[in-house]
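1. Okay, predicted coordinates and the sequence, questions at the end:
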Amino acid sequence: MLPGFLTRAVELLLGREGRSLHLKAAGGATAVLLVVMLTGSWAVVVAENGARGANLTSYPKALWWSVETATTVGYGDFYPVTPWGRVVGTVVMVVGITTYGMVTAALATWFVAREQKRRHGLHQVEAETLHALHERFDRLEELVAARRKG
């Protein structure tokens, strides 16, 4: 069931043709983060199994630890005590920090692009209005010049 769900989720995040590159990258990074958190939870339970003082002894505890580690909250209620558990923790942290940075950058880019489109639209209207005014002034000058001659 889970692989089918992950496949559909990845297709949903990455599959849209009209979606911009930065949104595809943020979606892909989020999918990678989910996989790393799920896999990291399992790996840390395996690494911590039987270690003295280990508190990551079940998958639900490890999943909570993975979420708080990836989001850099780090309450300190759960933590790895073995070297391999700490390696898994490092991977979860780095992937989490990178993912949240990419998502933040994608949102910022979206806001900036939206504002640039709005401003470009205003500049386009201003340019069209200015062009129409120039044409009217040219016609008025021609009419005034024709009246003076005739």
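-> All right, it came through fine. Residues are numbered from 1 along each chain as shown.

2. Provide a list of residues in contact with residue 54.
-> Residues near residue 54 by CB atoms under 8 Å, 6 or more residues apart in numbering: 48, 80-82, 85. Every C-beta, even on glycine, is put in place using the N, C-alpha and C of the backbone.

3. In PyMOL, select just the buried ones from those residues.
-> Listed next is the PyMOL selection for buried residues among the contacts of residue 54, using 16 or more other CB atoms under 10 Å:
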select buried, resi 48+80+82+85
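
4. In helices only, show me the contacts of residue 54.
-> Judged by DSSP state H, helices contain the following of those: 48, 85.

5. Same list, the contacts of residue 54, but as JSON lines with distance to residue 137 please.
-> Shown next, in JSON lines, are the contacts of residue 54 (distance: CB to CB, whole Å):
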{"residue": "48", "distance to residue 137": "80"}
{"residue": "80", "distance to residue 137": "76"}
{"residue": "81", "distance to residue 137": "81"}
{"residue": "82", "distance to residue 137": "81"}
{"residue": "85", "distance to residue 137": "77"}
